[in-house]
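Colleague: Generate coordinates for the sequence data below:
(2 chains)
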There are 2 protein chains.
Amino acid sequence: MASVVFAALLLSGACSAQTFQRLGTCPTLGCIFPPDQADFLAGQYFDIRLEVHAPINGSEANGKLPDPDFTFTIAKGNGTAVNATEFFNTSEPKLERWNFTWYEDLFAKDAGTPSVVNVTSKAYRKAALYEPGEYTATLTYNNGTKTHASWLVRDLCQVRKTKNVILFIGDGMTTNMITAARLIAHKAINGRYQTKMMMDQFPVLGHQMTHSIDSFITDSANSATALYTGHKSTVNALGVYADSSKSPFDDPKIETIAELFWRITGGHVGIVSTAFIADATPAALTAHTRDRAQYGAVVDSFLNGITNYTWTNWTGPDVLFGGGAEQFYDPKLGGKTYLNKNYYTEFANKGYQILWNNTALSKAKNDTKALGIFTVSNMAKWLDRNVYTANLNQSLSPSGDKKPALDQPGLKEMTLKAIDILSARSGEKGFFIMSEAASIDKMMHALDYDRALGELLELDDTIKATIAHLKSLNKLKETLILVTADHGHGFDVMGSVDTKYLNAQSTDRKKRSAIGTYQNSGLSQYAMTGNLTYSEGVHFPANWDPRYTLFSGLGADPDRRENYQVHKDGPRVPAINITEAADYYVNPKDAKTGFIANGTLPMNDDQGVHSLTDVPVFAMGPCQELFGGVYNSIDIFFGMAECLGLGRRHA
Amino acid sequence: MASVVFAALLLSGACSAQTFQRLGTCPTLGCIFPPDQADFLAGQYFDIRLEVHAPINGSEANGKLPDPDFTFTIAKGNGTAVNATEFFNTSEPKLERWNFTWYEDLFAKDAGTPSVVNVTSKAYRKAALYEPGEYTATLTYNNGTKTHASWLVRDLCQVRKTKNVILFIGDGMTTNMITAARLIAHKAINGRYQTKMMMDQFPVLGHQMTHSIDSFITDSANSATALYTGHKSTVNALGVYADSSKSPFDDPKIETIAELFWRITGGHVGIVSTAFIADATPAALTAHTRDRAQYGAVVDSFLNGITNYTWTNWTGPDVLFGGGAEQFYDPKLGGKTYLNKNYYTEFANKGYQILWNNTALSKAKNDTKALGIFTVSNMAKWLDRNVYTANLNQSLSPSGDKKPALDQPGLKEMTLKAIDILSARSGEKGFFIMSEAASIDKMMHALDYDRALGELLELDDTIKATIAHLKSLNKLKETLILVTADHGHGFDVMGSVDTKYLNAQSTDRKKRSAIGTYQNSGLSQYAMTGNLTYSEGVHFPANWDPRYTLFSGLGADPDRRENYQVHKDGPRVPAINITEAADYYVNPKDAKTGFIANGTLPMNDDQGVHSLTDVPVFAMGPCQELFGGVYNSIDIFFGMAECLGLGRRHA
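Modeller: Residues are numbered from 1 along each chain as shown, chains lettered A, B, ... in the order given. The predicted structure is shown next:
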């Protein structure tokens, strides 16, 4: 099938555009979602979207109207292709029409000459394929032109092998960052670490490839969709393939691991994140929208699932812990909620305990569902909660009363409580918990490497405490623990910096002489305090502000100033807008003693960006052997689904 | 023991210097090599060096002379400490004296105020520990001050599990680079790669930590020492611990995997590299010197081993293939050889075939040892040998006749021939081959990412051909294949670049708008040519110069210009010296259509540097299970030694 899709490019030479695409996954004028090369779990629900494009200008214009009479068939294996309505035993969907515009390249954008495309479309809702094997979906349009999609229902064992799954996601976490975190928090003698990260001790190691469906760099929405549904998608899309229509809520959906686990086995679900809870990584477990910024709707989906277009039933997770109070509290207090509702009330009305601080979290009942929202926006960083605590004095109370949110739990406290509640409530059904260290990514974006590594070390500390806690509950052997990431940032450590020397120099060029590489990188001084004790047992740096710091950086930056010291006044803001046209340049308040380094990112980028690298997967517990070696991000979904025995070969 | 070493830092607060160290591994004034935390293979030869330091100025000065009456004892487990001469049944070494200077920090260097240290020292040569378990080595000096070193002889199974080992080293190769190489050479449809790298298909994945003994960033000498001897060392050191004496040849040696394999089992050794063959990664198999730049002596060690100070016997590898003819040919032709000898003659006199080009290589006899030197300096890069072949027109003939070296083999041709010769000659003894893709590292240093990824793809192609060749020889099942690296570079891909748009812009800042991140990264265009065919079967890019290129970079650079296009005229030179004082700035001849980006490296760096990241290990074959998970670089040595059954519990 592959060759058919790509051969169509011959018809549209100028259309091999790259910065922009008419529609991702659809290089021809006839589009099928799920597209070619989609894999399915047997019995997994999904929607189908068909589109026929008629470009009215630009390099692809052919003078045609979009075909309203396209047809769509499915064939199993080498069998006969039958009409989709017959195949899925459903009625013919109604024809939809719309148009959209796009730029063929940056020259067209500069010139303000968009290409316009008229569209005819149909959507089939809540389909499923049960019998393992290959299928061919065929869209026939424009008097016989065909687009084929080759689909595969994987033939997985249906025997459940694990009772529980805990999926830890270090957002944006790479092997390079783990290496750096180990360096600043674990003691080494003569090149030998005396202790290891908890994730280093997992028995099985894998790498997952994060390439998204229509671009080789992914965002967290897109990659979470791959991890939770087994289907790659487009940047900003949660649990859907992105179509070209205007509505962010009509895109073709795919059932997630959380929805499947609940629907098929009655398993209980917990969602924990240090981000605002409507952020992509938690959101993708229940939300289905092309636009991750539909935060209000995301919060509603946590509680009510997706009810439009007939979707799978969902009654809310047992646990939902994180930040982002502004999507919950009363709009009269400034809340920005779905349909202007008070979502604390909405959750309470469905029997949830409402928790606003760590004290309440620790005292919460284990037999009752819990919503814990601990701050406006993202949760405080480990470094600010534990070292630079004055930075907590901001108007971020989760109640919306503009007081500070001083009593915030960390990822560890949230995760352990989630385990307690899920353990108490799930009984023989088992549980699935997703626990996200979100601000590894957020602080990497801000070039605030100290805070990012602090978040990574908190994740590792959480994993360690989780293992100990599961052991004490006698649940370790029945729980698959996975630790992975959703994408990378191009971060690494190249040496050390003598900050005393750097700060004493008067020119930008001479300041760079403070950097020591190779043998002059020396040894980490973060694990030592002035009186030379190490942070034994609890593996965080004993000193975040040593004279010799890490010389670290990203592969691409905005213009910024570098002094390689910890940012004591709160998360770093490296670049600010110097014109009305989004032209970002060095923030004069950041790293004042440093030197100016101009970056390579476009001027409208104020922060670092995601990168291509494969990210690590650490596995421990039942089924761990499925997660070794190098594989696609979607294989994480299929691995978890196989371990939980979620495939169903009959309706 | 650890606490003792570090407690000593209390005595010397100002001595926690980092950019410079008085002597790596020796924070106190009494030094033992091998130092604390050293592990040994049972029966592995090693030298011991003791030093007592008397700083005569600087923060550590105490007015003392270096103690000539220090004593040294060894205790096995909790047993009695006995004098080393008794323990090793050897005579007391003679006392040596010297002095050296160092700078306490960059301020002292700027001020020209070195610290001077007087030294007394002894060296015990060719010791070995046979009985597994812990040992305590104790140096007593200055009237009772003690330095302890805790040593461990690992208790490894002595049963040989593999007949052969092939160790592939991608110098400087990281997971990030593998991901980038896959992107440009393997076809993806809708986020699914249709083919994988050969190394992706290995069943076992590990990460090795490359932290060196006295700095957290390593070079290739240091890391090769760890991989081949199980002992971490210092930057620039080959098969020794670095002492403070002036001679680069008297440092304490450790027996390598090649020496052990030959001495213990009579196994045959092959050495293959695309570097000049005296470079660190091949050199560390037989050379023992603190200074990797002793190229002439390195070449002599390949043939004759190390004869000073009584060392293990060595009669030369069966195969030695690479570049670096200038260390072989007659000094009258400009050769820079050890003792002004002609090393082609030296090797020929010991029965070696001498091979100077790919044609001769392919015709070489399999029953005879072979020296293949194919160019002056490093071998030509895959990209120049296969695409930009005009760049081969340089005076680099291996004969020294100043003609071009046009007929150079690649890593694949050299490795397959090495397998043929080793297979034919080793019989039941088995073979060990180290095959290095050296210029992944060299081209990363030059910020020449295209050439670096070409070298990585050639490595992968070599691995694929090796597996096929071993299968055809019926030797695959008796051969452990390892693929790893020695350190990283902070490389990643962050998006794509519309080079047509970049080149059309007139200002540096506007050129940066050509960069596409996230969804605007689009899809790789390297695998497509103008007529839309893919490089099927042979996985190299079909088009190295597409309109949309990779937006990639390092975490630290010299000042340079970036246009993100392939460097057609040969390996990139990003920065040149603009003053006599080694002040490197943008090379005006490089990437002329690009924009200037100032880097963060010191002004005296003209190229990229190594990084901290753990590097991947891919394992296939007998013993593969030893190489999964996260571990120290030295564990590669112990894993290979265990698989080959090289430990000996009795003399």
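
Colleague: Surely A:His469 and A:Leu416 touch.
Modeller: Yes: counting by CB atoms under 8 Å, A:His469 does reach A:Leu416; the two are 5.4 Å apart. Glycine gets a C-beta too; all of them are placed from N, C-alpha and C.

Colleague: Thought A:Ile433 was touching A:Leu411, still the case?
Modeller: No: applying CB under 8 Å as the test, A:Leu411 and A:Ile433 come out as separate, 11.8 Å apart.

Colleague: Overlap of the contact sets of these two?
Modeller: Here A:Leu411 and A:Ile433 have A:Val272 as joint contacts, going by CB atoms under 8 Å, 6 or more residues apart in numbering or on different chains.

Colleague: who's more crowded, those two?
Modeller: A:Leu411 (28 against 25; other CB atoms under 10 Å in any protein chain shown).

Colleague: I'd like the distance between the residue nearest to the spatial centre of chain A and A:Ala325.
Modeller: For chain A, the residue nearest the mean C-alpha position is A:Ser220 (2.8 Å; CA atoms, centre = their mean). For A:Ser220, the distance to A:Ala325 equals 20 Å [CB to CB, to the nearest Å].

Colleague: follow-up on the earlier one: contact partners for the residue nearest to the centre of chain A?
Modeller: Here A:Ser220 is in contact with A:Asp171, A:Gly172, A:Asp279, A:Ala280, A:Thr281, A:Arg292, A:Asp441, A:Asp486, A:His487 (CB under 8 Å, 6+ apart).

Colleague: possible to save these as JSON lines with neighbour count, pLDDT and distance to chain B?
Modeller: Output for the contacts of A:Ser220, formatted as JSON lines (neighbours: other CB atoms under 10 Å in any protein chain shown; pLDDT from 0 to 100; distance: CB to the nearest CB, whole Å):
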{"residue": "A:Asp171", "neighbour count": "27", "pLDDT": "98", "distance to chain B": "15"}
{"residue": "A:Gly172", "neighbour count": "30", "pLDDT": "98", "distance to chain B": "12"}
{"residue": "A:Asp279", "neighbour count": "27", "pLDDT": "98", "distance to chain B": "16"}
{"residue": "A:Ala280", "neighbour count": "27", "pLDDT": "98", "distance to chain B": "12"}
{"residue": "A:Thr281", "neighbour count": "27", "pLDDT": "98", "distance to chain B": "16"}
{"residue": "A:Arg292", "neighbour count": "25", "pLDDT": "97", "distance to chain B": "12"}
{"residue": "A:Asp441", "neighbour count": "30", "pLDDT": "98", "distance to chain B": "13"}
{"residue": "A:Asp486", "neighbour count": "30", "pLDDT": "98", "distance to chain B": "13"}
{"residue": "A:His487", "neighbour count": "28", "pLDDT": "98", "distance to chain B": "10"}
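
Colleague: Kindly reformat those residues as a markdown table containing secondary structure and distance to A:Glu625.
Modeller: Converted to a markdown table, the contacts of A:Ser220 look like this (DSSP: H, G, I helix; E, B strand; the rest coil; distance: CB to CB, whole Å):
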| residue | secondary structure | distance to A:Glu625 |
| --- | --- | --- |
| A:Asp171 | coil | 26 |
| A:Gly172 | coil | 27 |
| A:Asp279 | coil | 32 |
| A:Ala280 | helix | 30 |
| A:Thr281 | helix | 26 |
| A:Arg292 | coil | 34 |
| A:Asp441 | helix | 29 |
| A:Asp486 | coil | 23 |
| A:His487 | coil | 25 |
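
Colleague: So, low pLDDT: which residues of chain A?
Modeller: For chain A, the stretches with pLDDT under 70 are A:1-17, A:308-309, A:528-537.

Colleague: can you list the domains in it?
Modeller: A:2-153, A:164-490, A:501-597 (automatic domain parsing).

Colleague: quick one: terminal-to-terminal distance for the shortest one?
Modeller: Right, domain A:501-597. Using CA to CA, to the nearest Å, the end-to-end distance of domain A:501-597 comes to 18 Å.

Colleague: Off-centre distance for that domain?
Modeller: Centroid separation for domain A:501-597 versus its chain: 27 Å, with CA atoms, centre = their mean, to the nearest Å.

Colleague: any idea how far A:Thr593 is from the residue lying farthest from the centre of chain A?
Modeller: Centroid-distance maximum for chain A: A:Ser506 at 42.6 Å, with CA atoms, centre = their mean. Distance from A:Ser506 to A:Thr593, counting by CB to CB: 11 Å.

Colleague: Name the stretch among the domains of chain A that sits most buried.
Modeller: domain A:164-490 (a mean of 23; mean count of other CB atoms under 10 Å in any protein chain shown).

Colleague: one step back: quick check: the residue nearest to the centre of chain A vs chain B, distance?
Modeller: 11 Å (CB to the nearest CB, to the nearest Å).

Colleague: list the contacts for the closest residue to that residue other than its chain neighbours?
Modeller: Residue nearest to A:Ser220 in three dimensions, not counting chain neighbours: A:Ala280, with 4.1 Å by CB to CB, 6 or more residues apart in numbering or on different chains. Applying CB under 8 Å, 6+ apart to A:Ala280 gives the contacts A:Asp219, A:Ser220, A:Ala221, A:Ala224, A:Leu238, A:Arg292.

Colleague: A:Val272: helix or strand, and which one exactly?
Modeller: A:Val272 is part of strand A:268-276, with elements assigned from DSSP states H and E.

Colleague: list the helices and strands that strand packs on?
Modeller: In terms of contacts (3 or more CB pairs under 8 Å, 6 or more residues apart in numbering or on different chains; DSSP states H and E), strand A:268-276 is packed against helix A:280-283, strand A:319-323, helix A:411-426, strand A:431-437, helix A:439-445.

Colleague: Let me have these in JSON lines, adding distance to A:Ala465 as columns.
Modeller: Listed next are the helices and strands packed on strand A:268-276 as JSON lines, based on distance: least, CB to CB, whole Å:
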{"stretch": "helix A:280-283", "distance to A:Ala465": "20"}
{"stretch": "strand A:319-323", "distance to A:Ala465": "15"}
{"stretch": "helix A:411-426", "distance to A:Ala465": "5"}
{"stretch": "strand A:431-437", "distance to A:Ala465": "11"}
{"stretch": "helix A:439-445", "distance to A:Ala465": "18"}
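
Colleague: about what we covered before: what's the farthest-apart pair in the contacts of A:Ser220?
Modeller: Maximum pairwise distance among the contacts of A:Ser220 (CB to CB): 15.3 Å, between A:Gly172 and A:Arg292.

Colleague: circling back: the residue farthest from the centre of chain A should be in a helix, yeah?
Modeller: No: counting by DSSP: H, G, I helix; E, B strand; the rest coil, A:Ser506 is not part of a helix but coil.

Colleague: ok, so what distance separates the closest residue in space to A:Ser397 that isn't next to it in sequence from A:Asn342?
Modeller: Spatial nearest neighbour of A:Ser397, excluding adjacent residues (CB to CB, 6+ apart): A:Lys403 at 4.3 Å. Going from A:Lys403 to A:Asn342 by CB to CB gives 18 Å.

Colleague: just A:Ala651 next, same as before
Modeller: A:Ala651 is 39 Å from A:Asn342, by CB to CB.

Colleague: Run the chain-centre distance for stretch A:20-31.
Modeller: 24 Å.
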